[in-house]
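Asker: Build the 3D model from these lines:
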Amino acid sequence: MGAREEILIQATKLFAHQGFAQTSVREIVEGAGVTKPTLYYYFGSKAGLFEALITERVSAETQAFDEILGGEIPHMERLEALSRLRFERINEDPDFARLIGRYAMDPTGAPHLDLNVFMVAQAKSLTMFFVDGIQCGVFRPQDPLELALAFQGLLNFRFMAALCGGPPLTDLSVQTLLSVFENGVTP
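Answerer: Now for the predicted structure:
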């Protein structure tokens, strides 16, 4: 792993647990085993590091999100693949999920990043997915934006529960979430 990646890993961990303002460049570079000039070479500043860390990861997730939704497998299998991808990413790197949650709840002291740009892009992709599914008869005719938001809400709340010490994310979590979304909760 290169110096740039080591810096991103260490910064993610520290920003997630301490917050942006409480994390020093010294702590990041010591943890990454690099020098301050190395951090400044790759990112320009601590704020540049924060921006790169968030935008690169969220952009990559949005791209993966779009690739899954645009796939050729049946609609519910695409929702399952999307759910599994999200669960795997959170299980693999809970610090990044904590960082996003921390920043979304209290961005005080951190550089301003418009995370809404990514949320809107994902909501638009998911809305178009539901439009297609409604037209194909896979989903009941309903407001596709509300379906997109409901699905994102189920995923996001389940992630937050796991990150806050609730039950871990498992295959059963994915199956239950999809079953609730597809069938509701009544017999």
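Asker: Show me where this protein has its helices.
Answerer: Taking DSSP state H to define them, one finds helices in the chain at 3-18, 25-32, 36-43, 46-69, 75-92, 94-105, 116-135, 144-163, 171-183.
Asker: now the fourth one, how far from the chain's geometric center?
Answerer: Think helix 46-69. 8 Å (CA atoms, centre = their mean, to the nearest Å).
Asker: Can you name every helix or strand that the lowest-mean-pLDDT helix or strand in the chain contacts?
Answerer: Ranked by mean pLDDT, DSSP states H and E, the weakest helix or strand in the chain is helix 94-105, scoring a mean of 86. Packed against helix 94-105 by the contact rule (3 or more CB pairs under 8 Å, 6 or more residues apart in numbering; DSSP states H and E) you find helix 3-18, helix 46-69, helix 75-92, helix 144-163. Placement of C-beta: from N, CA and C, glycine included.
Asker: Pipe those helices into TSV and attach distance to residue 131, mean neighbour count and mean pLDDT per row.
Answerer: Below are the helices and strands packed on helix 94-105 laid out as TSV (distance: least, CB to CB, whole Å; neighbours: other CB atoms under 10 Å; pLDDT from 0 to 100):
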stretch	distance to residue 131	mean neighbour count	mean pLDDT
helix 3-18	35	19	96
helix 46-69	11	17	93
helix 75-92	11	17	91
helix 144-163	5	16	89
